[in-house]
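[1] With the sequence up front, the predicted model follows.
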Amino acid sequence: MAEDEREIIVTTDGGSGGGGSALAVVAIVLVLLVALFFLFGRGLLNGESPTKTIKADIDVNVPSSGGSSGGGSTTQ
C-alpha cells in the first residue's frame, strides 16, 4: 500500500502579482461607482429630489354600515 503513495510538493512564487490584481479590482469598483453616480445620483448634489411628487385629489366614498361596528346584531 505504501508503495503506491506519492508526495507532491506545490510551491508558489511568493505571492507576487496579487497586488496587481487587487489594484485592478479596486479600479473596476471605482469606475462602476462613478458610472452609477452619473446615471442615478446627479440630482442628489443639486438638491433635487430623486423622486417626483405627484399632487392628486383623492375622494374616497365608503358606504356606512348602518351604525354597528362589527359583531353582528343579536335581536330576538
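    Received the coordinates, thanks. Residues are numbered from 1 along each chain as shown.
[2] Okay, now the unreliable bits of this protein?
    1-2, 14-18, 42-51, 66-76 (pLDDT under 70).
[3] Going by residue numbers, what spans are strands in it?
    Here the chain has no strands by DSSP state E.
[4] residue boundaries of the helices in it?
    Here the chain has its helices, by DSSP state H, at 18-40, 42-46.
[5] Generate JSON lines for those, with mean neighbour count and distance to T53 as supplementary columns.
    The way it works is simple: take the backbone N, C-alpha and C, and place the C-beta from them, glycine included. Shown next, in JSON lines, are these (neighbours: other CB atoms under 10 Å; distance: least, CB to CB, whole Å):
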{"stretch": "helix 18-40", "mean neighbour count": "10", "distance to T53": "18"}
{"stretch": "helix 42-46", "mean neighbour count": "9", "distance to T53": "13"}
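[6] export those helices to CSV and tack on distance to V60?
    Output for these, formatted as CSV (distance: least, CB to CB, whole Å):
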stretch, distance to V60
helix 18-40, 35
helix 42-46, 33
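[7] Any idea which of those helices gets closest to R6?
    Closest to R6 of the helices of the chain is helix 18-40 (CB to CB; 29.2 Å).
[8] wait, which of the helices of the chain is closest to K52?
    helix 42-46 (10.6 Å).
[9] on that earlier part again, quick one, which of the helices of the chain is nearest to E3?
    E3 lies closest, by CB to CB, to one member of the helices of the chain: helix 18-40, at 39.0 Å.
[10] Can I get the closest one in CSV, CA atoms only?
    The C-alpha trace of helix 18-40 is given here as CSV (Å, rounded to 0.1, in the frame of the first residue of the first chain):
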residue,chain,number,x,y,z
GLY,A,18,-1.5,39.6,-6.1
GLY,A,19,-1.2,43.3,-5.6
GLY,A,20,-1.7,44.0,-9.3
SER,A,21,-5.0,42.0,-9.4
ALA,A,22,-6.2,43.7,-6.2
LEU,A,23,-5.5,47.1,-7.7
ALA,A,24,-7.4,46.1,-10.9
VAL,A,25,-10.4,45.0,-8.8
VAL,A,26,-10.4,48.3,-6.8
ALA,A,27,-10.1,50.3,-10.1
ILE,A,28,-13.1,48.4,-11.6
VAL,A,29,-15.2,49.0,-8.5
LEU,A,30,-14.4,52.7,-8.5
VAL,A,31,-15.3,53.0,-12.2
LEU,A,32,-18.6,51.2,-11.5
LEU,A,33,-19.4,53.5,-8.7
VAL,A,34,-18.7,56.6,-10.7
ALA,A,35,-20.8,55.3,-13.6
LEU,A,36,-23.7,54.6,-11.3
PHE,A,37,-23.4,58.1,-9.7
PHE,A,38,-23.6,59.8,-13.1
LEU,A,39,-26.5,57.7,-14.1
PHE,A,40,-28.7,58.0,-11.0
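[11] Having no further points to raise, I will conclude here.
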